[in-house]
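K.L.:
just need the structure, nothing else, for what follows:
(4 chains)
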Protein chains: 2
Amino acid sequence: MKKISLKDIAKMAGVSTSTVSFVLNGKAEQMRISKPIVEKVHQIVKKSGYQPNRVAVSLRTGKSKIIGLLVDDISNQFFASCAKFIEDEANEYGYKVIFCCTENDAHRARTLLNILNYQQVDGFIITPTVKMNKDIEQLVQYKKPFVLMDRYFPEINTPYVLVNNYSGIEKGMTHLIRKGYKRIGFVTVDLKMIQMDMREQAYKDAQKKEQPASKQKLLLKLPINCTDDREATMQMIISFIRDTELDAVFFATNYLGILGLESIQQIGLEIPRDIAVICFDDNDIFRLHTPAITVIRQPIDKIAKSSVAILMDQLGAGKHKVQRIQVEIDPEFVVRKST
Amino acid sequence: MKKISLKDIAKMAGVSTSTVSFVLNGKAEQMRISKPIVEKVHQIVKKSGYQPNRVAVSLRTGKSKIIGLLVDDISNQFFASCAKFIEDEANEYGYKVIFCCTENDAHRARTLLNILNYQQVDGFIITPTVKMNKDIEQLVQYKKPFVLMDRYFPEINTPYVLVNNYSGIEKGMTHLIRKGYKRIGFVTVDLKMIQMDMREQAYKDAQKKEQPASKQKLLLKLPINCTDDREATMQMIISFIRDTELDAVFFATNYLGILGLESIQQIGLEIPRDIAVICFDDNDIFRLHTPAITVIRQPIDKIAKSSVAILMDQLGAGKHKVQRIQVEIDPEFVVRKST
DNA sequence: CTGAAAGCGCTTACAG
DNA sequence: CTGAAAGCGCTTACAG
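P.N.:
Residues are numbered from 1 along each chain as shown, chains lettered A, B, ... in the order given. Have a look, this model is predicted:
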């Protein structure tokens, strides 16, 4: 597959390479290249199927038209969906996407960032891991275009896109309370990331408002490594539901929601009380189960598209001049099944 | 972030750029560069954090160290898992991964292939769509390195990696028959791709062997666009199970399995018979349900790693000299829950 | 043992 | 209106 070069086209058209380049880059008018020549060049390019070598263009212009996507784990449903929308949207702007999985490991994230940065990536969309502050600060310092997604560091002034976690939980709580539930538990994980803190705070505030006198803590905060031992975590959830005699449980993440449903199913026969579940994000599993379920779905498409838009704005490729804003997105409120 | 160049390093070390280049590319010995100089260069490189500009290297060498991954849809759990393992494995070889979603649309696939090919991608890992034969043939013709994954075209001689679909279904059928099921239905989709044909054939062969006299067709072949209307498809599955009075159902894909479980749950009260389900691939949902279930899990890690290995072999970057073989992988046989 | 030089395929001031 | 030339940052024959 001998590739055709700009030079070849120029030779075929009987003009210089600069002329061809100008025509191809839409600068024909600006450079006052004659109509006949422009047409001739276009015709030859079309017939030959010529496409400029992006690598050469990159080297010359310093722009690769590639963005780097750093997520925890692409095989996680949430990130997989994000990736799909991001790729789709980036394509619209003529960008390609290289992805990497950080495994929520700051050290690994740094290595990946470094490799991609020093190479050919124009900008980043990043789901930051815990302890990644230093690296994010460095990106800011070096003025590298990037946008944080789903999480952020309140102490660093960066562009980011996230859902309004607080209001999501708040709405969910209001919904549960209206349905008449009295003892609403909350299961979360001690991730020490701002988005989890917000969710927890929203739950606590709603609880306080509703049942100011309530003494018993109805909150289960699982250890950060709870994903390592599925069975053990399920046991903790089961004990929690039993011991606290809940009539509804609110799971703070998708993963916990799935574990929770399994747990609830396991003890379903013993505890006949009605149980409602609310989770961030959506999943096939939420369609299949006995207790009532309410799902707060994150609008992944919006998160992804907004992230791309913000990044493109920084790259100066934005179609509409988007402000470098901090986008807030309200979670949709989806009731899946009602009692 | 002013980047350091080879030239800068050369200046700092007081040698020529060629010397630095040779040292960095491990050709110091071959070029008989003196020990002290080698060390000095290494030291300066380390101290300055210099990394060669990959774009320039690409232009010069014609190798980008990027591979293109074409899948139907990255947000699909199967492909998302593949992507993760592929990225991980590619990293091991020093490659990065650009991914694209074909949406199972041959036209879109061609465009993507063309863009990536004409640009900077060294090779491809492709989950081919229907009607993609022409494009694959072209890749072969142009000697572009690539490997097909999960599917292939029997009429084109290409490297590929797939699971042994026939044997997977065969084993599943044997398992069901041993459990005592008599009327085993099979739900598949009319995708017109070889991997689906193999699964169907395996089912038919097993049926014939077991119940040669059986008259009634226990096979449901859903239209190719069945993913468009979830509800309608579920109705078809429900009718099928009712009308044929099955005591077990075999779902040919993960997606169908999920739909199937929901359908079965819907009619669970009316049909008290025990129902066994076998699906390719795994999913959270398979842990949550009433009927007995058997899961045949595709070893995604092996599929992904083998694909990368085969591609790397073609790219000449293989660590161990892997033959350009056609890898066959037996599906694992996982019994999840027993009656 | 080491350096000067060509060239990968483009873009873009600069000169006419 | 168009062309010759420099240069992006590397690698690698080639000359010494």
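K.L.:
which residues of the stretch 51-200 of chain A fall in strands?
P.N.:
A:66-71, A:96-101, A:123-126, A:146-149, A:160-163, A:184-189 (DSSP state E, counting those that start in this stretch).
K.L.:
any idea how many residues pack against A:A232?
P.N.:
A:A232 has 12 neighbouring residues, counting by other C-beta atoms under 10 Å in any protein chain shown. Just so you know, the C-beta spots here come from the backbone N, C-alpha and C atoms, and that holds for glycine as well.
K.L.:
which residue packs closest to it, ignoring adjacent ones?
P.N.:
A:C226 (7.7 Å; C-beta to C-beta, 6 or more residues apart in numbering or on different chains).
K.L.:
and that neighbour, helix, strand or coil?
P.N.:
For A:C226, the secondary structure call by DSSP: H, G, I helix; E, B strand; the rest coil comes out as helix.
K.L.:
okay but it is in contact with A:V189, surely?
P.N.:
Yes - between A:C226 and A:V189 there is a contact under C-beta atoms under 8 Å: 5.9 Å.
K.L.:
dihedrals phi and psi, A:F250?
P.N.:
When read as degrees, to the nearest 10, the backbone of A:F250 gives phi -120, psi 120.
K.L.:
show me the contacts for it.
P.N.:
For A:F250, the contact set (C-beta atoms under 8 Å, 6 or more residues apart in numbering or on different chains) comprises A:I169, A:G172, A:M173, A:L176, A:I184, A:G185, A:F186, A:V187, A:Y203, A:V277, A:I278.
K.L.:
of those residues, closest to DNA strand D?
P.N.:
Among the contacts of A:F250, A:I169 lies closest to DNA strand D (C-beta to the nearest atom of the strand), at 48.7 Å.
K.L.:
which one is the closest one nearest to, not counting chain neighbours?
P.N.:
A:A202 (3.6 Å).
K.L.:
quick one: the one you found from DNA strand D, how far?
P.N.:
For A:A202, the distance to DNA strand D (C-beta to the nearest atom of the strand, to the nearest Å) stands at 49 Å.
K.L.:
would that residue count as being in a helix?
P.N.:
Yes - assigned with three-state DSSP, A:A202 falls within a helix.
K.L.:
tell me the contacts of it?
P.N.:
By C-beta under 8 Å, 6+ apart, the neighbours of A:A202 are A:N165, A:Y166, A:S167, A:G168, A:I169, A:E170, A:M173.
K.L.:
so for it, what's the pLDDT?
P.N.:
Predicted confidence (pLDDT) for A:A202: 92.
K.L.:
what's the spacing between it and A:Y142?
P.N.:
Distance, A:A202 to A:Y142, by C-beta to C-beta, to the nearest Å: 35 Å.
K.L.:
in the stretch 101-250 of chain A, where is pLDDT below threshold?
P.N.:
Within the stretch 101-250 of chain A, the ranges that satisfy pLDDT under 70 run A:212-216.
K.L.:
where along it do the helices fall?
P.N.:
In the stretch 101-250 of chain A, helices defined by DSSP state H, counting those that start in this stretch lie at A:106-117, A:133-141, A:165-178, A:194-210, A:230-244, listed in chain order.
K.L.:
to B:T17, which of those helices lies closest?
P.N.:
Nearest to B:T17, of all those, is helix A:106-117, at 22.6 Å by C-beta to C-beta.
K.L.:
contacts for stretch A:220-231?
P.N.:
A:185-192, A:200, A:232-233, A:236-237, A:240, A:255-256, A:259.
K.L.:
one more pass at 6 Å, please.
P.N.:
Stretch A:220-231 is contacted by residues A:V187, A:T188, A:V189, A:D190, A:L191, A:T233, A:F240 when judged by C-beta atoms under 6 Å, 6 or more residues apart in numbering or on different chains.
K.L.:
for A:V163, see how far away the nearest residue to the fifth one once chain neighbours are set aside is.
P.N.:
Counting by C-beta to C-beta, 6+ apart, A:L191 lies nearest to A:I224, which is 5.8 Å off, once chain neighbours are set aside. Relative to A:V163, A:I224 is positioned 21 Å away (C-beta to C-beta).
K.L.:
more neighbours, the two?
P.N.:
Higher neighbour count among A:I224 and A:V163: A:V163, with 25 against 15, using other C-beta under 10 Å.
K.L.:
surely the more buried one and A:P299 touch.
P.N.:
No - using C-beta atoms under 6 Å, A:V163 is not in contact with A:P299, being 7.3 Å away.
K.L.:
follow-up on the earlier one: B:M31: which of the contacts of A:F250 is nearest?
P.N.:
A:V187 (62.7 Å).
K.L.:
the closest one: what's it in contact with?
P.N.:
A:V187 sits next to A:L220, A:F251, A:L256 when contact means C-beta under 6 Å, 6+ apart.
K.L.:
out of those, which sit inside strands?
P.N.:
Among the contacts of A:V187, the ones falling in strands (DSSP state E) are A:L220, A:F251.
K.L.:
make CSV out of the contacts of A:V187 and add distance to A:I86 and neighbour count.
P.N.:
As requested, the contacts of A:V187 are arranged in CSV below (distance: C-beta to C-beta, whole Å; neighbours: other C-beta atoms under 10 Å in any protein chain shown):
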residue, distance to A:I86, neighbour count
A:L220, 33, 23
A:F251, 26, 23
A:L256, 25, 25
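K.L.:
enumerate the residues of chain A near chain B.
P.N.:
For chain A, the residues in contact with chain B (C-beta under 6 Å from any C-beta of the partner chain) are A:1, A:51, A:54-56, A:58-59, A:74-75, A:80-81, A:83-84, A:96, A:98, A:101, A:118-120, A:142, A:258, A:262, A:265, A:284-285, A:287-288.
K.L.:
how close does A:M236 get to DNA strand C?
P.N.:
Note on A:M236: its distance to DNA strand C, by C-beta to the nearest atom of the strand, is 59 Å.
K.L.:
that residue: neighbour count?
P.N.:
18.
K.L.:
nearest residue to it other than its sequence neighbours?
P.N.:
Closest residue to A:M236 apart from its sequence neighbours, by C-beta to C-beta, 6+ apart: A:L222 at 6.5 Å.
K.L.:
just checking, A:G257 touches A:F251?
P.N.:
Yes - using C-beta under 6 Å, A:G257 is in contact with A:F251, at 4.0 Å.
K.L.:
got a pLDDT number for the nearest residue to A:V97 once chain neighbours are set aside?
P.N.:
Spatially, and ignoring its direct neighbours in sequence, A:V97 is nearest to A:E87 (4.9 Å; C-beta to C-beta, 6+ apart). The model reports A:E87 with a pLDDT of 96.
K.L.:
what sits opposite A:I293 in the beta ladder?
P.N.:
A:V277, A:K337 (DSSP bridges).
K.L.:
gap between it and DNA strand C?
P.N.:
54 Å.
K.L.:
that residue - how many residues pack around it?
P.N.:
A:I293 has 24 neighbours, counted by other C-beta under 10 Å.
K.L.:
with A:R110 instead?
P.N.:
Neighbours around A:R110, by other C-beta under 10 Å: 17.
K.L.:
OK, contacts around it?
P.N.:
Counting by C-beta under 6 Å, 6+ apart, A:R110 makes contact with A:D135.
K.L.:
same check, this time on A:S263
P.N.:
Shown in contact with A:S263 (C-beta under 6 Å, 6+ apart): A:M234, A:I237, A:I238.
K.L.:
export the residues you listed as CSV, with columns for neighbour count.
P.N.:
Listed next are the contacts of A:S263 as CSV, based on neighbours: other C-beta atoms under 10 Å in any protein chain shown:
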residue, neighbour count
A:M234, 18
A:I237, 26
A:I238, 18
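K.L.:
which of the residues you listed lies closest to chain B?
P.N.:
The closest of the contacts of A:S263 to chain B turns out to be A:M234 (C-beta to the nearest C-beta; 10.5 Å).
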